[in-house]
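In: Here's my sequence, what's the structure:
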Amino acid sequence: MVTSVSLQEALQDSLQDQLRDAISPYRHQVDYLEIRLEQGESTVISYRGKQLDAVDRSFSLSGGIRACHQGGWSFVTFNGLSALQNRIEEAISQAKLIGKETTHLAAIEPIQDFVKVEFAQDPRGISLEQKRQLIEQYNQLLLEFDPRIQTTMTGYSERFGTTYFVNSLGSCIAQERLDVSGRFGVVARGAGNIVRQGFESVHSRSDYGVLEGIEAQVQSAADRAVRQLEANPVKGGQYTVILDPYLSGVFIHEAFGHLSEADFVYENPRMQELLVLGKPMAISQLNVVDDATIPGLPGSLKYDDEGVPAQRKYLIKDGILTQRLHNRETAGKMQEQPTGNARALSALYPPIVRMTNTGIESGDQSFEEMIRDVEEGVYAVRMLGGQTNGELFTFAAAEGYMIRNGKLAEPVSDVTLSGNVFQTLKDIEAIGNDSVYKNGGCGKGGQSPLPVSVGGPHVRIKNVVVGGR
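Out: As a prediction, the model looks like this:
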């Protein structure tokens, strides 16, 4: 008797064998060649207000081929194995047409491995109707929370996929991945046509159960939006600001993490001057990591999309700039080590340098100690939106509270934080002992949202420019 598990494993072995056989005759025709094939199944359920907005169930098989020759890269996609040989030859001919220089790729060892998902509760065993009913229940909780709630944006998504990777070095890696997510958002409208938003989300890499019994967490999105309707705009000026763990994680990801991606540094002479390894960046208590090895987070992985093992990297260690994030090409060109940060949104996209789980390590101060000697300041909570432009940033906090004489005071709205990231890092005064990671999605190079996590503790920063309405 052949079980479903053994049948699945046989199919996986068959696909790997096909890819190995397909790449074998072409190994030495270019400097480098790889094939990624991805099989996936996904479910999406969403409500907008009272209306069921979408129920989608889909299956996919797609792939991408990258070839590099004399420094020239080509990328060709396919959606069936019957045309694989032609697509490989097309990728090789394009790379040879483009390449006019020298290929620089950091050396790595070939790897053979199969990475399985260890399920707690597999969402594929739960009926579509059960999932819809659960999301409808949470959506109704938000709609009924307060009469000032105007609409909701509630959604569920799951995706299970297996990515097969082979390259001309001899690597052959299969990696399973599950992502289960719930997203809960509201829009509240108050007196004077003031509009506020609130958001909450949950995520798991192994367990549908993360979505069950979270009524209080879901309602917190509505609670935050309604609470901000009563807040007055903050008075603009320079303040000592304390970022909550979520906002400190977003800050370090957006304002500093992207500057640490080596493709950006390599192409930007000014950043090469500003980001010299070994340069002091902040107080000695500041440690910033990009860590793909933390179990269960959205940005966690065993191997990146070039077959490089995942790592924990200190971007800033004891206040000193220590590492940056690489794929094999940037590591080769900059004569540094690859860091396992080549990531693609799917097999239909080429891998580029991306973050994984990026955050600030915990310090040694409690929130009470951090706030105690602040005469007048702002406590900024979560992020509503923002943008970065090189070393400059602007973030809008979802919530804000004044700090007066060492205590939290009245809520304030329209809190925007702006500045120069390098100066802001130097202005960090204290780091909390309560680091937390939150799930998120990152955009770069037309690939969005790539699963990542952002993390950090409470962080106190002096002389922050805060704008109000």
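In: going forward, measure contacts and count neighbours with C-alpha atoms only.
Out: Will do.
In: and residue 370, helix, strand or coil?
Out: Following DSSP: H, G, I helix; E, B strand; the rest coil, we place residue 370 in the helix state.
In: measure it to residue 398 for me?
Out: Counting by Cα to Cα, to the nearest Å, the gap from residue 370 to residue 398 is 21 Å.
In: Can you get me a residue count around residue 92?
Out: Other residues lying near residue 92 total 26 when counted by other Cα atoms under 10 Å.
In: contacting residues around it?
Out: For residue 92, the contact set (Cα atoms under 8 Å, 6 or more residues apart in numbering) comprises 29, 30, 67, 68, 69, 74.
In: One more: residue 208?
Out: So residue 208 contacts 120, 121, 122, 123, 180 (Cα under 8 Å, 6+ apart).
In: repeat that for 10 Å
Out: By Cα atoms under 10 Å, 6 or more residues apart in numbering, the residues touching residue 208 are 119-126, 131, 158, 179-181.
In: same question, residue 381
Out: So residue 381 contacts 242-248, 396-401, 415, 458 (Cα under 10 Å, 6+ apart).
In: any idea which of the residues you listed is closest to residue 279?
Out: Closest approach between the contacts of residue 381 and residue 279, by Cα to Cα: residue 248, at 21.9 Å.
In: ok, back up a step: please pick the buried ones from the contacts of residue 381.
Out: Buried subset of these (neighbour count, 16 or more other Cα atoms under 10 Å): 242-248, 396-401, 415, 458.
In: just curious, which of those residues is nearest to residue 289?
Out: For the buried ones among the contacts of residue 381, the nearest to residue 289 is residue 248 (13.0 Å; Cα to Cα).
In: ok but residue 259 is inside a helix, no?
Out: Yes. Residue 259 forms part of a helix when assessed by three-state DSSP.
In: mind checking the SS state of the nearest residue to it once chain neighbours are set aside?
Out: With sequence-adjacent residues excluded and distances taken as Cα to Cα, 6 or more residues apart in numbering, residue 259 is closest to residue 265, at 6.8 Å. In three-state terms, and counting by three-state DSSP, residue 265 is helix.
In: In contact with residue 265, which residues?
Out: Counting by Cα under 10 Å, 6+ apart, residue 265 has contacts 258, 259, 271, 272, 273, 274, 275, 324, 325, 330, 334.
In: Looking at the residues you listed, which are in strands?
Out: Using DSSP state E, no member of these falls within strands.
In: Dump the residues you listed into JSON lines; add neighbour count as well.
Out: Output for those, formatted as JSON lines (neighbours: other Cα atoms under 10 Å):
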{"residue": "258", "neighbour count": "22"}
{"residue": "259", "neighbour count": "20"}
{"residue": "271", "neighbour count": "16"}
{"residue": "272", "neighbour count": "14"}
{"residue": "273", "neighbour count": "10"}
{"residue": "274", "neighbour count": "13"}
{"residue": "275", "neighbour count": "20"}
{"residue": "324", "neighbour count": "26"}
{"residue": "325", "neighbour count": "30"}
{"residue": "330", "neighbour count": "24"}
{"residue": "334", "neighbour count": "15"}
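In: wait, which of those is closest to residue 215?
Out: Of these, the one sitting nearest to residue 215 (Cα to Cα) turns out to be residue 258, at 34.9 Å.
In: Next one: that closest one, what pLDDT does it get?
Out: You'll see residue 258 listed with a pLDDT of 95.
In: list the helices and strands the helix or strand harbouring residue 451 packs on?
Out: Assigned by DSSP states H and E, residue 451 belongs to strand 447-456. Contact here means 3 or more Cα pairs under 10 Å, 6 or more residues apart in numbering; DSSP states H and E; on that basis strand 447-456 packs against helix 245-251, strand 288-291, strand 357-360, strand 436-444.
In: What is whichever helix or strand comes after that strand packed up against?
Out: Per DSSP H and E, the first helix or strand lying C-terminal to strand 447-456 is strand 459-467. Counting contacts by 3+ Cα pairs under 10 Å, 6+ apart, strand 459-467 is packed against strand 237-243, helix 245-251, helix 367-371, strand 376-389, strand 392-404, strand 416-420, helix 421-426, strand 428-431.
In: quick one: strands adjacent to strand 459-467?
Out: In the sheet, strand 459-467 lines up against strand 237-243 (antiparallel), strand 416-420 (antiparallel), strand 428-431 (antiparallel) (DSSP bridges).
In: Backbone dihedrals for residue 391, please?
Out: Backbone dihedrals for residue 391, given as degrees, to the nearest 10, come out at phi -90, psi 0.
In: residues touching it, list them.
Out: 255, 256, 258, 259, 271, 274, 419, 420, 421, 422, 423.
In: Pick out the least confidently modelled helix or strand of this protein, by mean pLDDT.
Out: helix 4-23 (a mean of 75; mean pLDDT, DSSP states H and E).
In: need the next SSE after that one, C-terminal direction.
Out: Using DSSP H and E, the first helix or strand after helix 4-23 is strand 32-48.
In: can I get the CA coordinates of that next one in CSV?
Out: Output of strand 32-48 as CSV, limited to C-alpha atoms (Å, rounded to 0.1, in the frame of the first residue of the first chain):
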residue,chain,number,x,y,z
TYR,A,32,26.8,30.0,-13.1
LEU,A,33,23.4,28.4,-13.6
GLU,A,34,20.4,27.7,-11.3
ILE,A,35,16.8,26.5,-11.5
ARG,A,36,14.1,27.2,-9.0
LEU,A,37,10.7,25.5,-9.2
GLU,A,38,7.9,26.2,-6.9
GLN,A,39,4.7,24.2,-6.3
GLY,A,40,2.1,26.1,-4.2
GLU,A,41,-1.5,26.0,-2.9
SER,A,42,-3.1,29.1,-1.3
THR,A,43,-6.4,30.3,0.2
VAL,A,44,-7.5,33.9,0.6
ILE,A,45,-10.7,35.0,2.4
SER,A,46,-11.5,38.7,2.9
TYR,A,47,-14.3,40.9,4.2
ARG,A,48,-14.7,44.7,3.5
